[in-house]
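Asker: structure of the sequence below:
(one chain, ligands or ions: 2)
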Amino acid sequence: MNILITGGAGYIGSHVVKQLLDETNHNITIIDNLSTGSIKTIKTLKEIAKINNKEENLDFIEADLSNFPLIEGIIKAKKFDAVIHFAASIIVPESVKNPIKYYMNNTVNTTNLIKLCLDNNVNKFIFSSTAAVYGQPYEIPVKETTPTKPINPYGMSKLMSETVLKDCGLAYPDFKYIILRYFNVAGADIKIRIGQRFPNATHLIKVAAETAVGKREKMYVFGTDYPTKDGTCIRDYIHVDDLADAHIKALEYLTDNDSDVFNCGYGYGYSVLEVINTMKKVSGVDFKVEFTGRREGDPAILIADNSKIKNKMKWQPKYNNLELICKTALEWEKKLLKEEA
Ligand SMILES: NC(=O)c1ccc[n+]([C@@H]2O[C@H](COP(=O)([O-])OP(=O)(O)OC[C@H]3O[C@@H](n4cnc5c(N)ncnc54)[C@H](O)[C@@H]3O)[C@@H](O)[C@H]2O)c1
Ligand SMILES: O=c1ccn([C@@H]2O[C@H](COP(=O)(O)OP(=O)(O)O[C@H]3O[C@H](CO)[C@@H](O)[C@H](O)[C@H]3O)[C@@H](O)[C@H]2O)c(=O)[nH]1
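Answerer: Ligands and ions are numbered 1, 2, ... in the order given. A predicted model of the protein is given here:
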């Protein structure tokens, strides 16, 4: 297949590209504006392509999805079979302060990309959605049928794109999509070749890894009065390589099946304190942790019901082990530290 990957220089997109290069012969074109993605990640992906004798299979174009004529030209010229669309703005508190940025980048640019696919006979579309579309769900674990009620513009911007996809799937029977609703994505490539590079990270496991290697003097726990076993929020952490595998499965699945939406998580939740203690254990560092008030917009518990993706796509996670997730995040952080030295 000839595949367009938007946001392939970013955290999750780069893991999917790496996995495609390791496991398939697909041709890949990455479009990324490098706003949070990194040219260093692209260099590593080119090295992985070279080692796999697939240099010809990987192309990188630095471009912004808001440049509609440029994106149209690329899509017309390249005749893609499928799109995997990761490019987005992803920081929840920023979306509350600057909603227009989120609706423009996540909803408007996605709608244009879908339009260009429809205009140019690109009939397979894999979309990065999020557990944030559920808001504060009334049932745990969360099923795909649980009502969607986002509590911030980030979640709403993604839900709006889901709606565009669903309506287009109904209106144009040849157009098929898979919506993947990711829960909390964490860790790094199991061989530690790539990982999350973006500075000023806010994700818990990345922050804990940075604190363990001494990049941060201390870290904070946001809220200790939630109705959970230890008072801190509970999340379903999925290793990024298992999530990458779900994308490869989704591409295969769309060949013989209809459009659909799937949760991506392990179906098990850990509290913030459990995650921090696991990072302390695997690093052997008793780093400083301070307790502070709740962070705005955090639901107490988010755990996926993953039976649908397991049953229908035959997705089987390989790395559902919090220690392993923390270890890969930590090893990646050590690698970044050496690179910076
Ligand atoms: N990280 C998570 O825990 C998580 C959870 C749920 C959903 N998601 C979704 O997964 C996707 C990837 O997230 P990530 O964690 O890899 O984030 P990321 O910031 O590392 O990756 C996003 C990539 O898209 C690029 N990009 C952004 N806007 C662009 C534009 N207008 N034109 C071209 N390129 C653009 C960035 O440079 C970056 O490389 C996003 O759609 C996000 O909403 C992430
Ligand atoms: O330094 C920190 C960072 C986070 N947390 C807490 O840890 C939990 C997880 O937070 P974080 O890692 O920031 O992830 P979420 O806010 O749960 O959001 C992630 O997971 C969602 C899906 O569940 C996605 O929609 C989002 O894009 C993605 O950022 C939350 O309770 C935070 O309050 C802390 O206590 N201290």
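
Asker: could you use CA atoms for every contact and neighbour count after this?
Answerer: Will do.

Asker: how is this protein carved up into domains?
Answerer: Listed by automatic domain parsing, the domain ranges of the chain are 2-186+238-264, 204-235+268-340.

Asker: can I get those domains in JSON lines with mean neighbour count?
Answerer: Below are those laid out as JSON lines (neighbours: other C-alpha atoms under 10 Å):
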{"stretch": "domain 2-186+238-264", "mean neighbour count": "19"}
{"stretch": "domain 204-235+268-340", "mean neighbour count": "18"}
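
Asker: those domains: which one's closest to I192?
Answerer: domain 204-235+268-340 (5.8 Å; C-alpha to C-alpha).

Asker: where does this protein dip in pLDDT?
Answerer: When residues are selected by pLDDT under 70, none of them lie in the chain.

Asker: tell me the residues of it that contact ligand 1?
Answerer: 7-13, 32-37, 63-66, 86-90, 105, 128-130, 182-185 (C-alpha under 6 Å from any ligand atom).

Asker: could I get the domains of the chain as CSV with distance to ligand 2?
Answerer: What follows is the domains of the chain, written out as CSV (distance: least, C-alpha to the nearest ligand atom, whole Å):
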stretch, distance to ligand 2
domain 2-186+238-264, 4
domain 204-235+268-340, 3
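
Asker: closest to Q196 out of the ones you listed?
Answerer: domain 2-186+238-264 (4.9 Å).

Asker: the closest one: how far from the chain's middle?
Answerer: Here domain 2-186+238-264 shows a centroid-to-chain-centroid distance of 8 Å under the convention C-alpha atoms, centre = their mean, to the nearest Å.

Asker: please shift the residue numbers so they start at 54 in all later answers.
Answerer: Noted, 54 is the first residue going forward, which turns the last one into domain 55-239+291-317.

Asker: and it, how far apart are its ends?
Answerer: 25 Å (C-alpha to C-alpha, to the nearest Å).

Asker: how about stretch 364-372?
Answerer: Using C-alpha to C-alpha, the end-to-end distance of stretch 364-372 comes out at 18 Å.

Asker: residue ranges of the helices in this protein, please?
Answerer: In the chain, the helices defined using DSSP state H lie at 64-76, 92-104, 121-131, 145-150, 152-155, 162-172, 206-224, 257-265, 293-309, 325-336, 360-366, 375-393.
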